[in-house]
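Colleague: Show me how the following folds:
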Amino acid sequence: MVTIAILNGPNLNRLGKRKPEVYGSQTMAQILLDIQRRWPDVHFVYRQSNHEGDLIDWIQNLSPTLPQGEGDEDVKGIVLNAGGYSHTSVALRDAVEESEVPVVEVHISDISQREAFRRVSLLTDVCAHSIKGIGTQCYANGVDWLLNTLRVKMVATRR
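Modeller: Okay, the predicted model is just below:
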């Protein structure tokens with residue numbers, strides 16, 4: 001069974017309550033339920049933190065090559081909504097850059113149309129793929145992109 005991690009950064013624990021005109025009215029629990037229903041054969045690991053170091057630790061520990069018992073999960077890909085840390089955290093960027101699994105950066109809103117300080121993501125150029133501005137559907141699209149990428153790799157490996 002394939003395992004995919006969905007990691008959320010600061011303030012995303014408030015989805016459904018915080019600025020619904022920007023972030024929508026769906027809670028993360030509802031988003032995760034929809035994703036699990038769509039892909040019942042995929043194991044999902046979900047974590048959210050308002051603390052930068054937690055996100056960095058999780059990305060570093062979700063590694064398939066860590067010695068047995070040192071990593072948290074055998075994750076094949078990460079869907080990451082780093083929230084405000086997307087625009088400010090060089091340390092998080094470094095963790096993503098060194099990730100041994102593909103990371104898909106997602107943004108619910110279109111950050112290129114937001115305030116000037118939100119328009120640049122430090123993560124985009126080190127992520128395997130980026131999705132922005134399509135609402136909470138970005139999570140499912142991120143999972144879909146990862147699963148398609150993993151299928152292509154598996155087919156290529158068999159040849």
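
Colleague: what's near enough to touch the closest residue to Val45 other than its chain neighbours?
Modeller: Nearest residue to Val45, sequence neighbours excluded (CB to CB, 6 or more residues apart in numbering): Ala5, at 4.5 Å. Where you see a C-beta, it was placed from the backbone N, CA and C, and this is true even at glycine. With CB atoms under 8 Å, 6 or more residues apart in numbering as the criterion, the residues that contact Ala5 are 44-47, 58, 62, 73, 75, 77-79.

Colleague: please redo it, this time with the cut-off set to 10 Å
Modeller: When contacts are counted by CB atoms under 10 Å, 6 or more residues apart in numbering, Ala5 touches 43-47, 58-59, 61-62, 72-73, 75-80, 101, 103, 146.

Colleague: ok, which stretches of the protein are helices?
Modeller: Residue ranges of the helices in the chain, as given by DSSP state H, are 20-23, 28-38, 52-61, 90-97, 137-158.

Colleague: between those, which gets nearest to Leu123?
Modeller: With distances scored as CB to CB, the stretch of the helices of the chain nearest to Leu123 is helix 90-97 (5.7 Å).

Colleague: Of the helices of the chain, which shows the lowest average pLDDT?
Modeller: When the helices of the chain are compared by mean pLDDT, helix 20-23 comes last with a mean of 68.

Colleague: Report how many residues lie close to Gly83.
Modeller: Counted by other CB atoms under 10 Å, the residues lying close to Gly83 total 21.
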